[in-house]
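# sequence? don't have it. structure:
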């Protein structure tokens, strides 16, 4: 079944729309891509940035962030160990941070294809790193 996005005016599969009980067919009128784009633009507003920083430094914000970190470690401890080993290797000079292998951006992150090999990483900028994770 298809539905037309009221923002970009393209017909897309019904699964490309967020669920919303108040709209036709129980789906939102904007597709997920248009909603995501609007949300990202709104998150850049100075008032939103200020409130987000205030929340992140509040007692509740810090405790929820710590809880998320602990939960993520419990789900995949190999990932956390591999991440720590990379930072230690960089600090002691055994490993050198490289530019992004796709766009040569000097600000890069180490991406593990296999957490059993913690010092074997691909260096990717934030954008390309996110693309790799979305593709999985």
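Sure, I can see it. Since we're looking at a predicted model, the values are computed, not measured.
# Break the protein down into its domains, please.
With domains defined by automatic domain parsing, the chain comprises 2-43, 49-75, 77-136.
# With mean neighbour count and mean pLDDT as added columns, please give these in TSV.
C-beta: built from backbone N, CA, C; applies to glycine. Output for the domains of the chain, formatted as TSV (neighbours: other CB atoms under 10 Å; pLDDT from 0 to 100):
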stretch	mean neighbour count	mean pLDDT
domain 2-43	13	93
domain 49-75	11	94
domain 77-136	14	93
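# which residues in the chain form helices?
Ranges of helices within the chain are 32-43, 46-57, 59-75, 77-92, 126-135, based on DSSP state H.
# Next, the angle from the longest one to helix 46-57.
With axes from the mean of the first three to the mean of the last three CA atoms, to 10 degrees as the criterion, the two stretches helix 59-75 and helix 46-57 enclose an angle of 70 degrees.
# now helix 59-75 and helix 77-92, what's the angle there?
With the same axes, to 10 degrees defining the directions, helix 59-75 sits at 110 degrees from helix 77-92.
# Run the chain-centre distance for helix 59-75.
What separates the centre of helix 59-75 from the centre of its chain is 16 Å, taken as CA atoms, centre = their mean, to the nearest Å.
# sorry, back to before: any chance of the helices of the chain in CSV, with distance to residue 15 too?
Compiled in CSV, the helices of the chain are given as follows (distance: least, CB to CB, whole Å):
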stretch, distance to residue 15
helix 32-43, 9
helix 46-57, 29
helix 59-75, 26
helix 77-92, 29
helix 126-135, 16
